[in-house]
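*Asks:* how would this look folded up:
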Amino acid sequence: MSIALKNDIRDALRSLKRREQLAATGLPTGPKDQDSDSEYIEPIALARQAHFDQRHGISLADALEVMDSWTERGSPWLDREEALRLRYIDGLTYEAIAAQMQLSIARVKELIAEALDALRQALLR
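*Replies:* Sure thing, here's the model as predicted:
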């Protein structure tokens with residue numbers, strides 16, 4: 001479920017960005033995507049993005065793109081991606097993440113801090 005939600009949020013943020021870019025050009029934006037879930041996902045995506053942007057000063061849309069590249073790299077990036085996804089996409093507490101990943105709370109916090117640092121570095125390039 002978590003990966004599917006991440007993908008849905010990423011797609012919704014991409015769609016919003018495309019519509020904003022078209023609107024800025026003065027061209028008609030056309031109807032919203034006809035996906036039946038978009039009306040439910042879009043508000044979630046916007047709320048998650050606002051929270052992530054405010055808390056970390058990083059665009060969630062950009063972060064999700066970088067996180068997708070981590071899944072291609074494999075371990076140890078998979079643990080960082082999973083911890084970050086569970087925290088900021090699924091909204092789990094550190095305790096819940098630790099239980100799900102079978103790690104200590106301290107290790108979960110380390111993974112998230114490492115992931116955020118890696119995101120900042122990747123997005124500064």
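*Asks:* just the pLDDT for the most centrally placed residue in the chain.
*Replies:* In the chain, the residue lying closest to the centroid (Cα atoms, centre = their mean) is residue 64, at 4.2 Å. Predicted confidence (pLDDT) for residue 64: 92.
*Asks:* mind listing the helices for the protein?
*Replies:* Assigned by DSSP state H, the helices in the chain fall at 2-25, 38-56, 60-73, 77-88, 94-101, 105-124.
*Asks:* tell me the most buried of the ones you listed?
*Replies:* Counting by mean count of other Cβ atoms under 10 Å, helix 77-88 has the highest mean neighbour count of the helices of the chain, with a mean of 21. The way it works is simple: take the backbone N, C-alpha and C, and place the C-beta from them, glycine included.
*Asks:* got a list of contacts for that helix?
*Replies:* Contact with helix 77-88 is made by 2-3, 6, 48, 51-52, 60, 63, 67, 70-71, 92, 94, 96-97, 100-101, 108, 111-112, 114-116, 118, as judged by Cβ atoms under 8 Å, 6 or more residues apart in numbering.
*Asks:* now it: average pLDDT?
*Replies:* For helix 77-88, the per-residue pLDDT averages 94.
*Asks:* just the CA coordinates for it, please, in PDB.
*Replies:* Extracted in PDB, the C-alpha atoms of helix 77-88 (Å, rounded to 0.1, in the frame of the first residue of the first chain):
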ATOM      1  CA  TRP A  77      19.300   3.100  -0.200                       C
ATOM      2  CA  LEU A  78      16.200   0.900   0.100                       C
ATOM      3  CA  ASP A  79      16.100   1.300   3.900                       C
ATOM      4  CA  ARG A  80      16.500   5.100   3.700                       C
ATOM      5  CA  GLU A  81      13.700   5.300   1.000                       C
ATOM      6  CA  GLU A  82      11.400   3.000   3.100                       C
ATOM      7  CA  ALA A  83      11.900   5.000   6.300                       C
ATOM      8  CA  LEU A  84      11.300   8.300   4.600                       C
ATOM      9  CA  ARG A  85       8.300   7.000   2.700                       C
ATOM     10  CA  LEU A  86       6.800   5.500   5.900                       C
ATOM     11  CA  ARG A  87       7.300   8.800   7.700                       C
ATOM     12  CA  TYR A  88       6.200  11.400   5.200                       C
END
